[in-house]
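> sequence unknown, structure follows:
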């Protein structure tokens, strides 16, 4: 008898393991990958939530017709908001690229495009507003345009993210941002600042909290 051949045959015929255990292992690995991808999204929601809530409350409080309880000097409120907005755009670009870190191919390309779209769109919307001002856009209308434009920008990008990663949270958030951003113009200035602070900032923070809970439940 050929012992080597018998041993080889035994190896071939040996069961690969319990299919249920293999399925559980695959599902566990899939959950780990999805949870890893959710972490940058949670941070993105949280950063934008703080920016919209604190930044627009600052703008609202910096207007003489805004916050009835206390005021912030406009020369303080406006720079604070601009700095927070720039930081949020840069952070979103970095986090968007990191969503698919470690994944090659089409997913990597999608994540890179998604990340770059934040800075590209942010710059484009700023240039449009600056061009309108140079053509005679009044400060009152500019105060309506810029906040609404960035709300619409964020909403549109999140709809794109929802399509890329089949993420329901981004779909819902994108629709909320589009709705609140468009509706804010009807509140006038500085009422639009309060609408955006509560509507958009609150939506981001709720989304961040909800996604955090779901991520912990899936561990």
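Great, that's in hand. Computed from a predicted structure; not experimentally measured.
> residue ranges of the helices in the protein, please?
Counting by DSSP state H, the chain has helices at residues 3-13, 19-61, 74-98, 106-134, 139-165, 168-184, 191-196, 202-217.
> tell me the most buried of these?
helix 191-196 (a mean of 23; mean count of other Cβ atoms under 10 Å). C-betas here are computed from N, CA, C, even on glycine.
> Tell me where the model's unsure across the chain.
Counting by pLDDT under 70, the chain contains low-confidence ranges at 1-38, 98-107, 219.
> go with 50
5-10, 12, 27, 29-31, 33, 35, 102-105 (pLDDT under 50).
> can you put the helices of the chain in JSON lines and add distance to residue 67?
Output for the helices of the chain, formatted as JSON lines (distance: least, Cβ to Cβ, whole Å):
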{"stretch": "helix 3-13", "distance to residue 67": "76"}
{"stretch": "helix 19-61", "distance to residue 67": "4"}
{"stretch": "helix 74-98", "distance to residue 67": "10"}
{"stretch": "helix 106-134", "distance to residue 67": "24"}
{"stretch": "helix 139-165", "distance to residue 67": "15"}
{"stretch": "helix 168-184", "distance to residue 67": "17"}
{"stretch": "helix 191-196", "distance to residue 67": "8"}
{"stretch": "helix 202-217", "distance to residue 67": "17"}
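> Between the ones you listed, which one is closest to residue 68.
helix 19-61 (9.8 Å; Cβ to Cβ).
> How about residue 57, nearest residue that isn't a chain neighbour?
The spatial neighbour of residue 57 that comes closest, neighbours along the chain excluded (Cβ to Cβ, 6 or more residues apart in numbering), is residue 197 at 4.7 Å.
> what sits against that neighbour?
For residue 197, the contacting residues are 52-57, 60, by Cβ atoms under 8 Å, 6 or more residues apart in numbering.
> same thing with residue 50?
Contacts of residue 50 by Cβ under 8 Å, 6+ apart are 84, 201, 205.
> Tell me, how many residues neighbour the second one?
Going back to what we said before, that points to residue 201. Residues near residue 201, counting by other Cβ atoms under 10 Å, number 21.
> Please report how far it lies from residue 59.
For residue 201, the distance to residue 59 equals 12 Å [Cβ to Cβ, to the nearest Å].
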